[in-house]
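S.K.: Have a look; sequence and predicted model below, questions after that.
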Amino acid sequence: MSDATAIPNAVLPSVSFRRRAAAVAAAITCLAASLAFMKANPLDFFRDFHYVANLVGEMLPPNLALLWRKKSILPSLGETISMAFLGTLGGAAVAMVLALAAARNTSPHPLVRGSVQTMLAAERCTPNLVILLVLLTAVGIGPFAATLSLLVGSIGMFGKLFANAIEQVDAGPVDAIAAGGASRLQVIRYAVLPQVAPSIVANIFFAFDVNLRAAVALGVFGGGGIGFELNVARSVLRYKDMLACLILVIVMITVMERVGDFFRRRLFRLEAVLE
Amino acid sequence: MTWADFRLERYGRIVKPGAVLLLLTVLALWRVDANVADLASGITKGVSIFRLFLPPAWSAFPSMIQPALVTVLLALTATPIGAACALAFGLAAARNVAPPWLRASARTAMAFERGLPEIVILLILVAAFGLGPFAGIIALVIGSVGMLGKLVGDAIEEIDPGTVDSVACVGATHAQMIRFVVLPEILPALLANMMFRFEVNIRASVLLGAVGAGGIGYELTLAMNQLEYGKATVAAFVSFVLVFVSERASNLIRSRVLAGDRLA
């Protein structure tokens, strides 16, 4: 097509540029459309920014005296940490059993394997909030419900990761021990566990970090702990107390990360024992 | 198999850590007021409550579509905005791009942010901006910046200095270097992590809905508070589907991005 009025290709931007520009334009349009759908005006961020400034003004200085004035604050930190600890440990224990049933090389039967894997996948897709709300109605408000929901919430992820680790186990030791006449349980104990222990330990420590944050979040919904205290301070508009709680949360998470690192290093020296 | 394989004498060196673990567990159990009686009664109660949740009130399904859309859009808008902010923070946090003082302050800010759960950020933002999806978007954006920013910063620091030198050598400015070296190098990693973050954000946005960001999380808590358990089941089902689909979609796109990175 030699149209005299057509713009020569040489002055047009390159094809890849045009394609990219179209993609960017489409993305921006989608973004704007969805913002409009939610009636969220990005300019509100700047127009309403004085609210943020006001709030910060009201929060300062943090009422750190709360720490010794209010008797329940310090125990609530322990509560949150305990929730995360128990949820992680219990979840790992349950998940280990399920993972042995879900891994191809240790599963007793393909049918068991399929059903356990489906169950784990379903659990992974259930939002923590749903689990917590159901448990709150069953066990009642309090840290115990939050612990259970963290436990249940950890199983799906743990189960998948553990099963993957078990499936990637080197077949050599497994065959060697089985050839020596070991039972299935003995094979698991002497060939599988020593190989997967490092990755399991690493995952448990990582999950503890995640669960600690989740424990704070669940506290807000009536799970107890520091999250609950924080939400109470917010709902009675005591922002200075709220900022104090917030600082405590950050300090707690940072300290627990350090503590976790310490134990992890100690534990890696122990790992040889299991072999 | 005999239980002799699990005899305690074989594990001399793990007795002490085992005891510590046990002690911590007992301490923690006491702290959260766990007791078997509660659990047992909870399970029986749970079973009877389970009957309340069934059958699902499917008639409520049409009214759940709009909140579900809000939840998805919340994550869908917040993730790219968060990624864009994370790119800026990541550049500021990379040793080979930013001056030391900027790197230190960006890293500290992101470390602080990672320490805060989204829900806490949202509680503050709701106090400032009021209820609604807008506070939710900002909370998710802020929540994404901490993780993505650190990953981007680390990815930039791992760029081969040879590439940087060769571009600098032909007289590229700082901006040109970022455009032609840094961006192409980190874009696949950023996109893959963005997809992962989208998944996280969908879950978070269900949760955020419950404290006032709107969407399906709000419908869920509302139904629970009004004791309309059949409706709650539908809301739970919808949020389950959302998470499931987003996980699948994100996995699909991620594997595509990582396989053939003909981007940038």
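M.R.: Perfect, I can see it now.

S.K.: pLDDT below threshold where in the stretch 101-250 of chain B?
M.R.: In the prediction, the stretch 101-250 of chain B carries no residues with pLDDT under 70.

S.K.: which parts of it sit against chain A?
M.R.: Contact residues (C-beta under 8 Å from any C-beta of the partner chain) of the stretch 101-250 of chain B with chain A: B:112, B:115-120, B:123-124, B:127-129, B:132-134, B:137-138, B:203, B:206-207, B:210-211, B:214, B:217, B:220-221, B:224, B:232, B:236, B:239-240, B:243-244, B:247. C-betas here are computed from N, CA, C, even on glycine.

S.K.: So which of these sit within helices?
M.R.: In helices, judged by DSSP state H, the following of these are found: B:112, B:115, B:118-120, B:123-124, B:127-129, B:133-134, B:137-138, B:203, B:206-207, B:217, B:220-221, B:224, B:232, B:236, B:239-240, B:243-244, B:247.

S.K.: which of those residues count as buried?
M.R.: Buried members of these, scored by 16 or more other C-beta atoms under 10 Å in any protein chain shown, are B:115, B:118-120, B:123-124, B:127-129, B:133-134, B:137-138, B:203, B:206-207, B:217, B:220-221, B:224, B:232, B:236, B:239-240, B:243-244, B:247.

S.K.: which secondary structure elements does the helix or strand B:Ser144 falls within contact?
M.R.: Assigned by DSSP states H and E, B:Ser144 belongs to helix B:133-157. The contact analysis (3 or more C-beta pairs under 8 Å, 6 or more residues apart in numbering or on different chains; DSSP states H and E) places helix B:133-157 against helix A:44-47, helix B:61-92, helix B:100-115, helix B:118-129, helix B:183-208.

S.K.: What residues of it count as buried?
M.R.: If you call a residue buried by 16+ other C-beta under 10 Å, then helix B:133-157 has these buried ones: B:133-153, B:155-156.

S.K.: can you check stretch A:29-43 too?
M.R.: Buried, per 16+ other C-beta under 10 Å, within stretch A:29-43: A:Leu31, A:Ser34, A:Leu35, A:Met38, A:Ala40.

S.K.: right, and the fourth one touches B:Leu74 too?
M.R.: Yes - contact criterion C-beta atoms under 8 Å: A:Met38 and B:Leu74 qualify, at 7.1 Å.

S.K.: Need the overlap of contacts for the two.
M.R.: Common neighbours of A:Met38 and B:Leu74 (criterion: C-beta atoms under 8 Å, 6 or more residues apart in numbering or on different chains): B:Pro133, B:Ile137, B:Gly214.

S.K.: next one: phi and psi at the last one?
M.R.: Looking back up the chat, that one is B:Gly214. Main-chain dihedrals, B:Gly214, degrees, to the nearest 10: phi 80, psi -170.

S.K.: and it, what does it touch?
M.R.: A:Met38, B:Pro67, B:Val70, B:Leu74, B:Leu131, B:Gly132, B:Pro133, B:Gly136.

S.K.: Also the second one?
M.R.: B:Ile137 sits next to A:Met38, A:Ala40, B:Leu74, B:Thr77, B:Ala78, B:Ile81 when contact means C-beta under 8 Å, 6+ apart.

S.K.: if I pick the first one, what's in contact with it?
M.R.: Contact criterion C-beta under 8 Å, 6+ apart gives B:Val70, B:Leu73, B:Leu74, B:Thr77, B:Pro133, B:Phe134, B:Ile137, B:Gly214 as the residues in contact with A:Met38.

S.K.: For these, which two are the farthest from each other?
M.R.: B:Thr77 and B:Gly214 (13.2 Å; C-beta to C-beta).
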